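Participant: here is a sequence together with a model predicted from it:
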There are 2 protein chains.
Amino acid sequence: MRILLIEDDPVLGMAVRDQILADGHGADWVTRLADAADAVHAAAFDLILLDLMLPDGRGSDFLRKLRSAGNATPVMVLTARDQISDRIAALDVGADDYLVKPFDLFELSARIRAVGRRYAGNPNPLVTLGDIEVDLAARSVRRAGQTIALTAREWALFDAFVQRPHQLMSKPQLEERLYSFDAEVESNTIEVYVGRLRKKLGADVIETVRGMGYRLGTPGGGA
Amino acid sequence: MRILLIEDDPVLGMAVRDQILADGHGADWVTRLADAADAVHAAAFDLILLDLMLPDGRGSDFLRKLRSAGNATPVMVLTARDQISDRIAALDVGADDYLVKPFDLFELSARIRAVGRRYAGNPNPLVTLGDIEVDLAARSVRRAGQTIALTAREWALFDAFVQRPHQLMSKPQLEERLYSFDAEVESNTIEVYVGRLRKKLGADVIETVRGMGYRLGTPGGGA
DNA sequence: GCCAAGCTGACAACCAGCTGAACGCAGCGG
DNA sequence: CCGCTGCGTTCAGCTGGTTGTCAGCTTGGC
């Protein structure tokens, strides 16, 4: 997906942009509405992330113009908790979703995926890995028809693999994904959770690359 | 669709009525609650647009009486920006949606269409979950042939689950659904209401996913 | 054979979620 | 006018699942 980020805060903007890129999407980041208008005019986006308070105007006004110009690109609004009236205005004018700051980057990923699904017109999003079925919306996993319950951490780890199929991920990378920036894990947590996932889903779900990290395996694909 | 407009401001009322007619719906316009009661008594509407400040009473009172009389017609509340407490009251008593004045007639059309879509898709809106039957239009739930009465909040929560079957919903998500945007809830309201729903509908209606949120279960189990 | 990297079973602390009860409030009937 | 009732909300205590950690063991590379 190609995503336009309209956000003037440099710290947040960079974090969000990095997360988008890490999820494998394309990211264009602008800090002013004028630039945003140019970008929208120049290229087609699959999703727009829109901050409501910007140096050169209000996001809701931008959205209104966008909509009345016939542009139906999904828009997700980023808003502080106290910008209630603005947020209502944005929804009224046609925002599709919103995120309240401060938000988890993990949450952001999930919502972006949701929009992607809606955009792709796929009502029942089932990811299939061999004989494993993953329902990202329900956060449930089935193997050979059997539903398997995952805990929050287990799911977070598994999700990291499913999002980037067959991509090699180092342990530090995974730690960052599981724990927010200030990750202070001085133990073998990742190894433990990889082990727990293998026990629940089967040993072939995750492949070890000695010295480098882990990678999605080919479950049931042994045949 | 046949729409009842309850609005005492002559300018706004006329504009809204014209917009409704222009959209190809039928419009009945009254300016007082007494007339509204007569109209509701005389005919069935597909949607009611309800101003909250009226010369002969408060719109929320009208809505309460409507609901307790068993009338489940979708109601969209028209409210000024500063009538927040009234708006909460309206949602408490069973409003389906609201519009903040001043609003675009364009927005109005869009929202009316949304209400239409919500119920139009299924002419017989009976959702079945195992041995539970949900009538979205009538706001009633039956389990094993037994009709179960839900309070406003209980219904709002249950509705959130039924609208997105088997999708995992975090507690913040559900809170926003129950309380609109304002009104910080700094307690375990969701947990309490999940508990009450389980007590009324059965423990298997809602599934807890620790650390992540809740999900519709599979009532009746085996099937 | 040796060493490093990875695996696993166990475990105590923690915390998310459940529950019963209490309180305030508003509507309603007497 | 007043008490009753039902609903919504909050709170505190409890419980059990989840989690991070560690120690010892296994595996793979050289």
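Facilitator: Noted; the coordinates are in hand. Residues are numbered from 1 along each chain as shown, chains lettered A, B, ... in the order given.
Participant: quick check: A:Asp135 vs B:Val205, distance?
Facilitator: 19 Å (CB to CB, to the nearest Å). Placement of C-beta: from N, CA and C, glycine included.
Participant: neighbour count winner among the two?
Facilitator: B:Val205 (22 against 17; other CB atoms under 10 Å in any protein chain shown).
Participant: quick one: the residue of chain A found nearest chain B from B:Gly13, how far?
Facilitator: Residue nearest to chain B within chain A (CB to the nearest CB): A:Ala152, separated by 3.2 Å. If you measure A:Ala152 against B:Gly13 using CB to CB, the figure is 51 Å.
Participant: still on that earlier bit, leaving out sequence neighbours, find the closest residue to the residue of chain A closest to chain B.
Facilitator: B:Gly211 (3.2 Å; CB to CB, 6 or more residues apart in numbering or on different chains).
Participant: what's the neighbour count on the one you found?
Facilitator: Other residues near B:Gly211 come to 12 when the count uses other CB under 10 Å.
Participant: checking it next. Helix, strand or coil?
Facilitator: coil (DSSP: H, G, I helix; E, B strand; the rest coil).
Participant: quick one on the thing from earlier: tell me which of A:Ala152 and B:Gly13 has more neighbours.
Facilitator: Remark: of A:Ala152 and B:Gly13, B:Gly13 carries more neighbours, 19 against 14, as counted by other CB under 10 Å.
Participant: list the contacts for the residue of chain A closest to chain B?
Facilitator: B:Val209, B:Arg210, B:Gly211, B:Met212 (CB atoms under 8 Å, 6 or more residues apart in numbering or on different chains).
Participant: ok, and the closest non-adjacent residue to the last one?
Facilitator: The spatially closest residue to B:Met212, leaving aside those adjacent along the chain, is A:Ala152, at 5.1 Å (CB to CB, 6+ apart).
Participant: for that neighbour, give its distance to A:Leu178.
Facilitator: Applying CB to CB to A:Ala152 and A:Leu178 gives a distance of 10 Å.
Participant: cool, and A:Ala160?
Facilitator: 8 Å.
Participant: repeat for A:Trp155
Facilitator: 10 Å.
Participant: can you check A:Leu168 too?
Facilitator: When A:Leu168 is compared with A:Leu178 (using CB to CB), they lie 17 Å apart.
Participant: ok, these two, which is more surrounded?
Facilitator: Set A:Leu168 next to A:Leu178 and count neighbours by other CB under 10 Å: A:Leu178 wins out with 19 against 13.
Participant: ok, A:Ala15 touching A:Leu108?
Facilitator: No - applying CB atoms under 8 Å, one finds A:Ala15 not in contact with A:Leu108, separated by 9.2 Å.
Participant: more crowded one of these two?
Facilitator: The neighbour comparison of A:Ala15 against A:Leu108 (other CB under 10 Å) goes to A:Leu108, with 19 against 15.
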